[in-house]
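*Asks:* starting from these lines, generate the structure:
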Amino acid sequence: MTRRHAAELGLTAFLLAAVVTTLAVAGHGAYATVPVTIDGKRVVVPRGTPVEVVVSEYSRATPGDLLSAADKRVVRRGAGEPVTALVNGGAAQSSAVLRSGDRVRTVSGADVVEPVVVETRTVEVPPRYIGDGPLATVVAAGDPGIEVQERGAVSGDVLATQTIASPRPGIVRRAPLPGSAVVALTFDDGPWPGQTERVLAVLEQKSVPATFFMLGHRVKQSGSLARAVVDAGHTVGNHTYWHPRLDRIEIQHAEREIVSTSDVIAGATGARPRWFRPPGGRLDERSRAIVERSGMSVALWTADPQDWREATSAEEITQRVVSAVRPGAVVLLHDGGGDQSAMIEALPSIIDELRARGYEFVTLDEMPSVRSRW
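*Replies:* From the prediction side, this is the model:
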């Protein structure tokens, strides 16, 4: 080996040794650590560690919770404000790399109340059924309600509800099959505040339909009460405006009594009468022609307990009605014209007793035939 060759070999060995030493130093540097302090505790972490890793490993701070807007109970743990990390007294991004000697302080996140959503929705209500029997007829379609509701976006808790429009249930009237023993309750001389409402309450409780023969001037004074009768699914009839004896007045007067009452009832209730009952049951042929031209049928009665008489007890009224009723009977009662407390007291017993005897209640619309002449 020549001297020159030996020198070249020595240089190569030196260079290889230098490269190995450099790689060793570099490799050692990759595993170097740095001391940092987090929440007063000194820890050693690998060089290049970001803030978020140190916080997740060593911090005891916790994120806030998501609370219900209604009662502030916890809806979701840890879904509130996140943990905040301060590096050397200042805010730092979670991805920032920590350096030797950095001091980290963490602060727990605050609780957060869930957001509130406002929703407008319709409220459907089931129909109300009145009467007995398998034949169902919708007599009032009803209307859905509208309400505005505030609720928690996450919990669904309801904070407040405001009714914009109240729902009105539809009315379905159940009628019996043809040939059944039926009876119709009719009420004259209303609407009469303080009494008509009580009659309606009994009929609703007992699920009984009825027919109300109204006076025009009473409807004019108590239109909302007249409307309540129709809204409850009952039938309305015309009983003249002032309750005169039609066979004793001039024909022009009789026409005003009949026609104006139908107009007033239709305006207040939305239902135009199909039935007419003459006061006292008195009707001459002139007035009968007016009734027929107005599209109405005359409706008299077959059972009259004379509930309007003073000193008549509820027991007497009940006994008179029950003893007089036969299949197809039309019962004459009064919700107006004076104090009808005895009749109203008797009404539940009348209904219960007739049902016990096998009768089903209908309006005049479902009655197979109605007496129109004496």
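*Asks:* what residues sit buried inside stretch 75-95?
*Replies:* Buried positions in stretch 75-95, judged by neighbour count with 16 or more other C-beta atoms under 10 Å: Val75, Ala79, Gly80, Pro82, Val83, Thr84, Ala85, Val87, Ala92. C-beta: built from backbone N, CA, C; applies to glycine.
*Asks:* is it true that Asp39 touches Arg105?
*Replies:* Yes - with the criterion set as C-beta atoms under 8 Å, Asp39 and Arg105 qualify as a contacting pair; they are 6.1 Å apart.
*Asks:* moving C-terminal from the helix or strand hosting Gly237, which element do we reach first?
*Replies:* Take DSSP states H and E as the rule and Gly237 turns out to sit in strand 235-238. Tracing the chain C-terminally past strand 235-238 and defining elements by DSSP H and E, one meets helix 251-269 next.
*Asks:* list the helices and strands that next one packs on?
*Replies:* helix 216-221, helix 223-231, strand 235-238, helix 285-293 (3 or more C-beta pairs under 8 Å, 6 or more residues apart in numbering; DSSP states H and E).
*Asks:* most neighbours per residue, which of the ones you listed?
*Replies:* Across these, averaging neighbours per residue (mean count of other C-beta atoms under 10 Å) puts strand 235-238 on top, at a mean of 27.
*Asks:* can you list the low-confidence ranges for the stretch 251-374 of the chain?
*Replies:* Across the stretch 251-374 of the chain, nothing is flagged by pLDDT under 70.
*Asks:* what residues does the helix or strand containing Val199 touch?
*Replies:* Counting by DSSP H and E, the secondary-structure element that holds Val199 is helix 196-206. For helix 196-206, contacts defined as C-beta atoms under 8 Å, 6 or more residues apart in numbering pick out 130, 187, 190, 208-210, 212, 222, 225, 228-229, 232, 234, 335-336, 344, 347-348, 351-352.
*Asks:* likewise for stretch 131-140?
*Replies:* The set of residues external to stretch 131-140 that reach it, using C-beta under 8 Å, 6+ apart, is 127, 129, 168, 170-177, 180, 207-209, 230-231, 233, 360-362.
*Asks:* now do 10 Å
*Replies:* By C-beta atoms under 10 Å, 6 or more residues apart in numbering, the surrounding residues in contact with stretch 131-140 are 127-130, 168-178, 180, 182, 207-210, 230-235, 270-271, 355, 359-363, 365-366.
*Asks:* give the buried residues for it.
*Replies:* Gly131, Asp132, Gly133, Val139, Ala140.
*Asks:* is the last one in a bridge, and if so with what?
*Replies:* It stands for Ala140. When bridges are assigned using DSSP bridges, the partners listed for Ala140 are Ile171.
*Asks:* that one and Asp65, how far apart?
*Replies:* Ala140 is 50 Å from Asp65, where distance means C-beta to C-beta, to the nearest Å.
*Asks:* who touches the closest residue to Val259 other than its chain neighbours in this structure?
*Replies:* Using C-beta to C-beta, 6 or more residues apart in numbering and skipping the chain neighbours, the partner closest in space to Val259 is Ser294 (6.2 Å). Ser294 makes contact with Asn238, Glu255, Ile258, Val259, Thr261, Ser262, Asp263, Arg272, Pro273, Arg274, Phe276, according to C-beta under 10 Å, 6+ apart.
*Asks:* which residues touch the closest residue to the third one other than its chain neighbours?
*Replies:* Read it as Ile258. If the residues on either side of it in the chain are set aside, Ile258 comes closest to Ile290, at 5.2 Å by C-beta to C-beta, 6+ apart. Shown in contact with Ile290 (C-beta under 10 Å, 6+ apart): Leu246, Ile251, Ala254, Glu255, Arg256, Glu257, Ile258, Val259, Phe276, Leu283, Met296.
*Asks:* now that we have those, can you turn them into JSON lines and tack on neighbour count and distance to Ala201?
*Replies:* Listed next are the contacts of Ile290 as JSON lines, based on neighbours: other C-beta atoms under 10 Å; distance: C-beta to C-beta, whole Å:
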{"residue": "Leu246", "neighbour count": "25", "distance to Ala201": "33"}
{"residue": "Ile251", "neighbour count": "13", "distance to Ala201": "40"}
{"residue": "Ala254", "neighbour count": "23", "distance to Ala201": "35"}
{"residue": "Glu255", "neighbour count": "18", "distance to Ala201": "36"}
{"residue": "Arg256", "neighbour count": "17", "distance to Ala201": "34"}
{"residue": "Glu257", "neighbour count": "24", "distance to Ala201": "31"}
{"residue": "Ile258", "neighbour count": "24", "distance to Ala201": "31"}
{"residue": "Val259", "neighbour count": "17", "distance to Ala201": "32"}
{"residue": "Phe276", "neighbour count": "27", "distance to Ala201": "27"}
{"residue": "Leu283", "neighbour count": "23", "distance to Ala201": "32"}
{"residue": "Met296", "neighbour count": "19", "distance to Ala201": "28"}
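*Asks:* of the residues you listed, closest to Asp111?
*Replies:* Of all those, the one sitting nearest Asp111 is Met296; the distance, using C-beta to C-beta, is 70.8 Å.
*Asks:* that closest one reaches Gly237, doesn't it?
*Replies:* Yes - contact between Met296 and Gly237 holds when scored by C-beta atoms under 10 Å: they sit 7.9 Å apart.
*Asks:* what is in contact with these two at once?
*Replies:* Residues touching both Met296 and Gly237 comprise Ser262, Pro273, Arg274, Trp275, Phe276, Arg277, with contact defined as C-beta under 10 Å, 6+ apart.
*Asks:* report the separation between the fourth one and Ala346.
*Replies:* Plainly put, Trp275 is 24 Å away from Ala346 if you go by C-beta to C-beta.
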